[in-house]
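# I would like to see how this sequence folds:
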Amino acid sequence: MESQSETTQTVSALKLPVLKTGDYDLWSMRIEQYLTHTEYAHWEVIVNGDAPAVASATKSTLLLAIPDEQLLKFHGIKDAKTLWEAIKAMFEGNKESKKMQKTILKQQYKNFTPSRTEGLDKTYDRFQKLISQLEIHGEVIS
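Model (predicted):
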């Protein structure tokens, strides 16, 4: 059985998920998991608003998870909750872009073929990622 210190060391060794264009849904799930497992108070600040003792650390963590080319757009935001909402507004997309992304994913699924140069593991991983993205967009694959 793991001791408390071993668990803490494992959790603190988690890599901070960095947002990539087009991957907001996956990133938001990863960053939520990261924050709830490294320091739950950080996630509470995002959900409930400012808690001065934790808010600046939470904001700093979120800023570290934003690509460099987007950082200046968010740097002036004063609190973590507003920063989270701004990131969501910019990267999540509107209904039309989500519909388009879902259509593209369905087409990729329909036309999925293994590459001759990739192994079975990479083909499987690519296929699983495609299915996961479809499920995130509400498309159930049987």
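
# Could you look up the next helix or strand downstream of the worst-scoring helix or strand of the chain on mean pLDDT?
Ranked by mean pLDDT, DSSP states H and E, the weakest helix or strand in the chain is helix 4-12, scoring a mean of 43. Sequence-wise, the next helix or strand downstream of helix 4-12 (DSSP states H and E) is helix 24-38.

# Buried residues of that next one, list them for me.
Within helix 24-38, the residues that count as buried by 16 or more other Cβ atoms under 10 Å are 24, 25, 26, 27, 28, 30, 31, 34, 35, 38. Backbone N, C-alpha and C define where each C-beta goes, glycine included.

# What degree of burial does the residue lying closest to the fourth one once chain neighbours are set aside show, as a neighbour count?
If I follow you right, that is residue 27. Closest residue to residue 27 apart from its sequence neighbours, by Cβ to Cβ, 6 or more residues apart in numbering: residue 19 at 4.6 Å. Counted with other Cβ atoms under 10 Å, the neighbours of residue 19 add up to 20.

# domain assignment for this structure?
As given by automatic domain parsing, the domain ranges for the chain are 4-91, 95-136.

# Deepest-packed of the ones you listed, please.
domain 4-91 (a mean of 15; mean count of other Cβ atoms under 10 Å).

# I figured the residue nearest to residue 27 hits residue 25, correct?
No. Applying Cβ atoms under 8 Å as the test, residue 19 and residue 25 come out as separate, 10.8 Å apart.
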